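Student: just a sequence and a predicted model for now, questions to come.
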Amino acid sequence: MKLGRMNHLGYAVPDIDAAITHYKEVMGASVVTEPFDMPEQGVKVCFVHTPGENGTEGTQVELLSPLSEASPVTGFLAKNPLGGQHHVCFEVPDIAEAREYFEGVGKRILGPTRIGAHGTPIFFVHPKDMMGMLTEIMETPKGAH
Ligand SMILES: CC[C@H](C(=O)O)C(=O)SCCNC(=O)CCNC(=O)[C@H](O)C(C)(C)COP(=O)(O)OP(=O)(O)OC[C@H]1O[C@@H](n2cnc3c(N)ncnc32)[C@H](O)[C@@H]1OP(=O)(O)O
Ligand SMILES: [Co+2]
């Protein structure tokens, strides 16, 4: 299976506005999108970019806060009340092929393949099967890079 670049670091936070201020004022990041809700995923999302040097592409941090107690990040924040690194997301050229690959090597896929925050199909692989890192796999947006 051909793994692409790391698309974003998912960062769960209790207060997304405070996190945006931190990334803008302390880290010099730019806010890519205004926070938006993804009720089907139970999270409020905001992408911030750290600047790249000499025109290199920077890195993307996906700030996530829970929309309800039922949110998948609620349990994580109960254990990490200040917030913390929640997942990492890698791109692949073909999400179905990637899903078949991870299932084939015995990794637990969490739920159905669905549309993620970039508007392309995603799925998650259980952290316990991925060296402790909740791993999101997303199909590379068409025309990207
Ligand atoms: C809007 C989409 C957007 C995008 O980029 O497109 C997103 O990224 S949305 C991100 C939020 N959605 C998800 O995270 C969906 C996948 N997550 C899940 O299915 C659950 O969160 C799950 C199964 C990872 C954990 O569920 P839950 O918290 O209910 O279970 P436990 O607390 O019992 O945890 C089991 C075990 O796993 C450890 N754990 C939990 N979360 C993480 C994590 N983020 N990273 C690493 N490890 C994690 C937890 O500590 C437990 O370990 P144990 O040793 O048994 O205590
Ligand atoms: Co994500």
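Tutor: Perfect, I can see it now. Numbers count the residues shown, from 1 in each chain. Ligands and ions are numbered 1, 2, ... in the order given.
Student: burial check on P112, number of neighbours?
Tutor: Each residue near P112 was counted by other Cβ atoms under 10 Å, and the total is 8. All C-beta atoms are positioned from the backbone trio N, CA, C, and that covers glycine.
Student: go ahead and confirm it touches I122.
Tutor: No. With contacts defined as Cβ atoms under 8 Å, P112 does not count as touching I122, sitting 10.1 Å away.
Student: let me see the mean pLDDT of the helix or strand containing L110.
Tutor: Under the criterion of DSSP states H and E, L110 resides in strand 109-115. Taken as a whole, strand 109-115 has a mean pLDDT of 97.
Student: that strand and ligand 1 in contact?
Tutor: Yes. Between strand 109-115 and ligand 1, judged by Cβ under 6 Å from any ligand atom, the touching residues are L110.
Student: distance between that strand and the chain's centre?
Tutor: With Cα atoms, centre = their mean, to the nearest Å as the basis, strand 109-115 stands 13 Å off its chain's centre.
Student: what does that strand contact?
Tutor: Applying Cβ atoms under 8 Å, 6 or more residues apart in numbering, the external contacts of strand 109-115 come out as 40-41, 95-96, 99, 102-103, 121-126.
Student: again, only using 6 Å
Tutor: Strand 109-115 is touched from outside by I95, P121, F123, F124, H126, with contacts defined as Cβ atoms under 6 Å, 6 or more residues apart in numbering.
Student: which one of these sits closest to V45?
Tutor: The shortest gap between V45 and any of these belongs to F124, at 14.9 Å (Cβ to Cβ).
Student: what's near enough to touch T50?
Tutor: Listed by Cβ under 6 Å, 6+ apart, the contact partners of T50 are A29, G58, T59.
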